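> Structural data only, the sequence is not supplied:
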C-alpha cells in the first residue's frame with residue numbers, strides 16, 4: 001500500500017519572495033532508493049504547455065515510512081493566473097523513485113492575495 005502526502009504551512013496563497021514551508025510524508029511497501037520534493041510551475045490550456053522546476057530538495061536516506069520538512073524561497077514571478085486560453089499554476093510535488101504517481105499540492109503565487117483572472 002502506498003500513501004503520500006504534501007502539507008503546506010500558512011495556507012495556499014503566498015506572495016512573491018516569501019518562504020513556503022511544509023511537510024511531506026509517505027508510507028510505502030518497501031524502502032525507496034530516493035525521494036525529493038520540488039517547487040514548480042506549469043501552464044495548461046490551449047497551445048504548448050510548459051513547466052519548470054524552480055528548486056528541489058533531495059532527502060538523504062529515505063525510510064519506508066517517513067516524514068520530512070521542506071522550505072523554499074519563492075521567486076518574484078511568474079504569478080498564478082487563469083485566462084480563457086491558458087492558466088499558470090504553482091505546486092509542491094513529492095516524487096519518490098520507484099513509485100509511479102507523484103503527490104502534488106497546488107498553491108497561488110500572487111502579490112494580490114488571490115489568483116489573477118484575465
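It's in. Keep in mind that what you see is a predicted model, and the values were worked out from it rather than measured. Numbers count the residues shown, from 1 in each chain.
> residue closest to the middle of the protein?
residue 92 (0.9 Å; CA atoms, centre = their mean).
> Okay, and that one sits in which element?
Element membership for residue 92 (DSSP states H and E) is strand 86-96.
> for that strand, the distance to its chain's centre please.
Between the centre of strand 86-96 and the centre of its host chain there is 5 Å, according to CA atoms, centre = their mean, to the nearest Å.
> residue contacts, residue 104?
Residue 104 makes contact with 6, 91, 92, 93, 94 under the criterion CB atoms under 8 Å, 6 or more residues apart in numbering. Quick note: C-beta positions are derived from backbone N, CA and C, even for glycine.
> my bad, should have said residue 55
38, 39, 72, 73 are the contacts of residue 55 under CB under 8 Å, 6+ apart.
> would CSV of those residues with secondary structure, distance to residue 113 and pLDDT be doable?
Converted to CSV, the contacts of residue 55 look like this (DSSP: H, G, I helix; E, B strand; the rest coil; distance: CB to CB, whole Å; pLDDT from 0 to 100):
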residue, secondary structure, distance to residue 113, pLDDT
38, strand, 25, 98
39, strand, 20, 98
72, strand, 20, 98
73, strand, 19, 98
